[in-house]
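S.K.: mind folding the following:
(one chain, ligands or ions: 1)
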Amino acid sequence: MKKNILFVINPISGGKSKKRIEQLIIDHLDHNLYDYEMAYSNAVDHARKLSKSAVHLGFDVVVAVGGDGTVNEVARGIISLKSNAALGIIPFGSGNGLALHLGIPTNPRKAIEALNHSVEKVIDSAMLNGIPFFNTAGLGFDAHISALFANNKKRGFSGYVKAVLREFRNYKSQEYELTIDGKKYIREAFMISFANSTQFGNNAKIAPLADISDGLLDVSVVKPFVAYQFPAMMYRLMSGTAHRSSFLEIIKAKEIIVKRKENGAVHLDGEPRDLNGQIDIKIVPASMKVLVPLNK
Ligand SMILES: Nc1ncnc2c1ncn2[C@@H]1O[C@H](COP(=O)(O)OP(=O)(O)OP(=O)(O)O)[C@@H](O)[C@H]1O
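M.R.: Here you go, the predicted model:
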């Protein structure tokens, strides 16, 4: 039986034009397998609403055409109705962390073709103060960058790298009290990531051993470091060896409580939030179905 897909297209993600996407879908989606519709998000949170309505109307698959922020909104729309619908992804963001982790091609035509030969993979999601995330959430430097980047009209990878290089010299680490599955840790940290997948995006792996279906988050605590150590850190991230770095401590967890002296930015799937006070994070095992390429 044919399945119904809604493509939710974020016109601004990744700073890339989406002009070709409609024609690529028409040309390359297998129309014997799928009936499809397309919709464009017109503001923050609109993709979630579009996705929720699609699921309510009985669509089988909602495909996020965008980056991790778009994936987050579409996936939240799906899980909010506890439906049987699956998430699909055509990566069109600045980082595309979840798509890269799942082996979804970053070439749009190949990503559409991958939908024609896909299987459903059940993955975990997680909640931060009750708000769902699917790839990574974090506190500290990366959240600070997300907050800056959100106000930056120029999206895309190069804008991100420029922001990181500009900001990291002046960024101050801070002390965190973490309670991880009941055990207390006090840590001075440059940043702390709560990783469901292995990476932020662009193959920068903050938790190289994370398994997206193991019912656990990888809490990656990046210790303070000085400027000359930055290239070594980047090498570790990009080579998938961060878990072997002396700058990083990774603790597997189901539930985390974070307290910190000073409030600061928090990000969920790369999108910043202002959340003050205690932060509670927990894994929600096997809570989302995603279409991934057959051979992954
Ligand atoms: N029409 C729109 N105008 C402005 N913002 C939008 C619109 N549609 C969606 N958004 C917002 O765009 C934001 C960024 O999207 P997304 O995260 O997909 O792209 P990205 O940040 O470039 O990629 P990545 O997260 O992979 O780095 C999301 O927070 C989403 O809410």
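S.K.: tell me which element Val161 is part of?
M.R.: When elements are defined using DSSP states H and E, Val161 is found to belong to helix 157-167.
S.K.: I meant to write Ile250 there.
M.R.: strand 248-253.
S.K.: next secondary structure after that strand?
M.R.: Strand 248-253 is succeeded, C-terminally, by strand 255-260 (DSSP H and E).
S.K.: packing partners for that next one?
M.R.: Packing partners of strand 255-260 (3 or more CB pairs under 8 Å, 6 or more residues apart in numbering; DSSP states H and E): strand 174-180, strand 279-293. Every residue, glycine included, has its C-beta placed from N, CA and C.
S.K.: secondary structure class for Gly264?
M.R.: Gly264 carries the three-state label coil when classified by DSSP: H, G, I helix; E, B strand; the rest coil.
S.K.: for it, give its distance to the ligand.
M.R.: Look at Gly264 and the ligand: by CB to the nearest ligand atom, to the nearest Å, they are 19 Å apart.
S.K.: pull the contacting residues for that residue.
M.R.: The contact partners of Gly264, by CB atoms under 8 Å, 6 or more residues apart in numbering, come to Leu139, Gly140, Ala143, His144, Gln174.
S.K.: so the first one bridges to which residues?
M.R.: Beta-bridge pairing for Leu139 (DSSP bridges): Ile192, Val266.
S.K.: can you get me a residue count around it?
M.R.: 24 (other CB atoms under 10 Å).
S.K.: how about the contacts made by the closest residue to Leu268 other than its chain neighbours?
M.R.: The shortest distance from Leu268 to any non-neighbouring residue, by CB to CB, 6 or more residues apart in numbering, is to Phe133 (4.2 Å). Neighbouring residues of Phe133 by CB under 8 Å, 6+ apart: Asn72, Ser125, Ala126, Met127, Phe194, Asn196, Leu268, Asp269.
S.K.: return the helix or strand in this protein with minimum mean pLDDT.
M.R.: When each helix and strand of the chain is scored by mean pLDDT, DSSP states H and E, helix 157-167 comes last, with a mean of 79.
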